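Enquirer: Predicted structure and sequence below. I'll ask about it afterward.
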Amino acid sequence: MKLLLTLTLFSGLALQVSATPISFDFADPKGVNTISFNLDGPLESISGTAKGVSGRVQFDPKAPENTTGTIDLDVSSLHVGNPRMKGHLHGPQWMDVAKHPDIQFKVARLNNVETTGNITSADIVGEITVKGVTRAVTAKTTLTYLKGKLKARMGPRGQDGDLLVIRTKFSIFRNDFGISAGQSNEKVANEIEISMSIAGQAPY
Amino acid sequence: MRNVIQKIGFYLALAGVIVWLIGGARKGFYVVTEEIPQFDPITEIEYSDTRSKFIPGIEFLFTGLIFGGSFCLISFLFSKPLIK
């Protein structure tokens, strides 16, 4: 009996130690996931949004520092209100959607992790690839783990599951990614401020 | 004739200013969509939905003022009205 109890305890412990991270899918059927960008230029501030978010993030609530994954953005979903500007943005001189249809953000790990309740604050360390150019990125981020909240979000016909909300803000420079590098600086800012609030779902 | 052209110029400039002000005095160029703020109560994400709406930009103000100014300048090519 003692042996059985010990074995049960050890197997339970082993299960906890080797707990696999939860894989969250960021293709949001509710259309909430939005990445917004702002270029505060000398002539005009250009703001826009992008909704074509997809990708997967592996998150372990017991070891958030091991978070990895990839967030993809469909470049054709980049939107600004002025149709002429949007045409330029998608065109070969700027984002060149035809040749570079995706922007990819790879999460390598989290540093300086602090968890309070279901909210984890950390520095997200990864790489961003824009127009085929990859650069390292570190950004302050918060991850909110919402256990069992998927059904509440998706309605009565939705599946049971968990949600993970990632919020981050960081800047990149268009000159670093060959986005009309060194050109039109008097009209369009070099710094691109990116703000991301996205939710991923993990059905049971 | 001069007075008529000056009046046309004035009304063109005024129209540019009024259209721009009614449209929300936007400092950037015109847009054809508007972002409506939304809130997802479960994830507490603030996001926006895009809907079609024409909002005139600063080019409407400038176009009105330039056309208005041009009409006023052109009016000086015509002789002054005779004072009876």
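Expert: Sure thing, it's come through.
Enquirer: Do a quick rundown of the helices in chain B.
Expert: B:2-22, B:58-75 (DSSP state H).
Enquirer: Of the ones you listed, which is nearest residue A:99?
Expert: Residue A:99 lies closest to helix B:58-75 among those, at 31.2 Å (C-beta to C-beta). Where you see a C-beta, it was placed from the backbone N, CA and C, and this is true even at glycine.
Enquirer: Not counting its neighbours along the chain, what's nearest the residue in chain B that chain A sits nearest to?
Expert: Using C-beta to the nearest C-beta, the closest approach of chain B to chain A is made by residue B:31 at 2.9 Å. Closest residue in space to residue B:31, ignoring its immediate chain neighbours: residue A:81 at 2.9 Å, by C-beta to C-beta, 6 or more residues apart in numbering or on different chains.
Enquirer: which ones are touching the one you found?
Expert: Residues near residue A:81 by C-beta atoms under 8 Å, 6 or more residues apart in numbering or on different chains: A:48, B:31, B:32, B:33, B:34, B:35, B:55.
Enquirer: from what I can see the first one touches residue A:79, true?
Expert: Yes - the pair residue A:48 / residue A:79 is scored as a contact, 5.4 Å apart, by C-beta atoms under 8 Å.
Enquirer: List the contacts of the residue of chain B closest to chain A.
Expert: The contact partners of residue B:31, taken as C-beta under 8 Å, 6+ apart, are A:80, A:81, A:82, B:53, B:54, B:55, B:57.
Enquirer: which residue packs closest to the fifth one, ignoring adjacent ones?
Expert: Spelled out, it's residue B:54. residue B:32 (5.6 Å).
Enquirer: okay, now that neighbour: neighbour count?
Expert: Residues near residue B:32, counting by other C-beta atoms under 10 Å in any protein chain shown, number 13.
Enquirer: ok, so what distance separates it from residue A:200?
Expert: According to C-beta to C-beta, to the nearest Å, residue B:32 and residue A:200 sit 32 Å apart.
Enquirer: Around chain B, which positions in chain A sit nearby?
Expert: By the rule C-beta under 8 Å from any C-beta of the partner chain, the part of chain A lying against chain B is A:30-34, A:36, A:44-46, A:49, A:79-85, A:144, A:146, A:149, A:152-153, A:163, A:165, A:167, A:197-199.
Enquirer: Which of these fall in strands?
Expert: Of the residues of chain A next to chain B, the ones assigned to strands by DSSP state E are A:34, A:36, A:45-46, A:49, A:79, A:144, A:146, A:163, A:165, A:167, A:197-199.
Enquirer: what bridges to the residue of chain B closest to chain A?
Expert: In this entry, residue B:31 is beta-bridged to residue B:55, by DSSP bridges.
Enquirer: least confident pick among the ones in strands among the residues of chain A next to chain B?
Expert: The member of those with the lowest pLDDT is residue A:45, at 83.
Enquirer: Can you pull the poorly scored residue ranges out of chain A?
Expert: A:1-19 (pLDDT under 70).
Enquirer: next one: phi and psi at the most centrally placed residue in it?
Expert: Computing the C-alpha centroid of chain A and ranking residues by C-alpha atoms, centre = their mean puts residue A:71 first, at 4.9 Å. For residue A:71, the backbone dihedrals are phi -110, psi 130 (criterion: degrees, to the nearest 10).
Enquirer: so who does it touch?
Expert: Contacts of residue A:71 were listed using C-beta under 8 Å, 6+ apart, and they are A:26, A:53, A:54, A:55, A:57, A:104, A:105, A:107, A:166, A:196, A:198.
Enquirer: out of everything not next to it in sequence, what's closest to the third one?
Expert: Among residues not flanking residue A:54 along the chain, residue A:27 sits closest, at 4.3 Å (C-beta to C-beta, 6+ apart).
Enquirer: Can you verify my assumption that the one you found contacts residue A:53?
Expert: Yes - between residue A:27 and residue A:53 there is a contact under C-beta under 8 Å: 7.2 Å.
Enquirer: what about the two, which has more around it?
Expert: Higher neighbour count among residue A:27 and residue A:53: residue A:53, with 23 against 13, using other C-beta under 10 Å.
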